[in-house]
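Here is my input; please provide its structure:
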Amino acid sequence: MNFYEFDIPKELNGAQLKAELSCTEVYIRDDKLVIGGSLTQAQAAAGIKAHKPIAPKEPTLDEKLASVGLSVADLKSALGL
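Alright, predicted model coming up:
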């Protein structure tokens with residue numbers, strides 16, 4: 001397995017980059033982006049340059065309420081609706 005260090009890009013989604021590069025390791029160490037796998041340094045560099053992170057999905061109202069143990073029905077009941 002090869003490991004390469006790069007400057008950290010301004011925008012980064014590590015899980016997405018790992019899938020795009022089909023590599024085994026993507027992490028930050030000592031202010032450097034580390035890529036590990038069977039790819040070459042040139043392949044890793046090209047993948048980082050082409051990387052366009054997908055914006056995180058905004059949670060739905062149901063998901064937000066569920067994160068605090070509530071449902072829409074609970075909220076309506078609490079509001080007297």
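
all helices of the chain, in order?
Assigned by DSSP state H, the chain shows helices spanning 14-21, 41-50, 61-67, 72-79.

how about these in JSON lines, adding mean neighbour count?
In this view, the C-beta of every residue, glycine as well, is placed from N, C-alpha and C. Below are the helices of the chain laid out as JSON lines (neighbours: other CB atoms under 10 Å):
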{"stretch": "helix 14-21", "mean neighbour count": "15"}
{"stretch": "helix 41-50", "mean neighbour count": "15"}
{"stretch": "helix 61-67", "mean neighbour count": "11"}
{"stretch": "helix 72-79", "mean neighbour count": "10"}
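
Ok, which of those helices comes nearest residue 29?
Within the helices of the chain, the stretch nearest residue 29 is helix 14-21; the backing value is 12.4 Å (CB to CB).

now that closest one against helix 41-50, angle please.
Taking axes from the mean of the first three to the mean of the last three CA atoms, to 10 degrees, one finds helix 14-21 and helix 41-50 inclined to each other by 130 degrees.

In terms of secondary structure, what does helix 14-21 contact?
Applying 3 or more CB pairs under 8 Å, 6 or more residues apart in numbering; DSSP states H and E, we find helix 14-21 packed against strand 25-29, helix 41-50.

how about CSV for these, with mean pLDDT added?
Output for the helices and strands packed on helix 14-21, formatted as CSV (pLDDT from 0 to 100):
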stretch, mean pLDDT
strand 25-29, 97
helix 41-50, 97
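
what's the closest of these to residue 75?
Of all the helices and strands packed on helix 14-21, strand 25-29 sits nearest to residue 75, with 38.9 Å by CB to CB.

angle of the closest one against helix 41-50?
For strand 25-29 against helix 41-50, the angle by the same axes, to 10 degrees is 80 degrees.

List of residues touching strand 25-29?
Strand 25-29 is touched from outside by 1, 3, 5, 8, 14-15, 17-18, 33-37, with contacts defined as CB atoms under 8 Å, 6 or more residues apart in numbering.

ok, which pair from those residues is furthest apart?
Across the contacts of strand 25-29 (CB to CB), the longest gap, 21.0 Å, separates 1 and 8.
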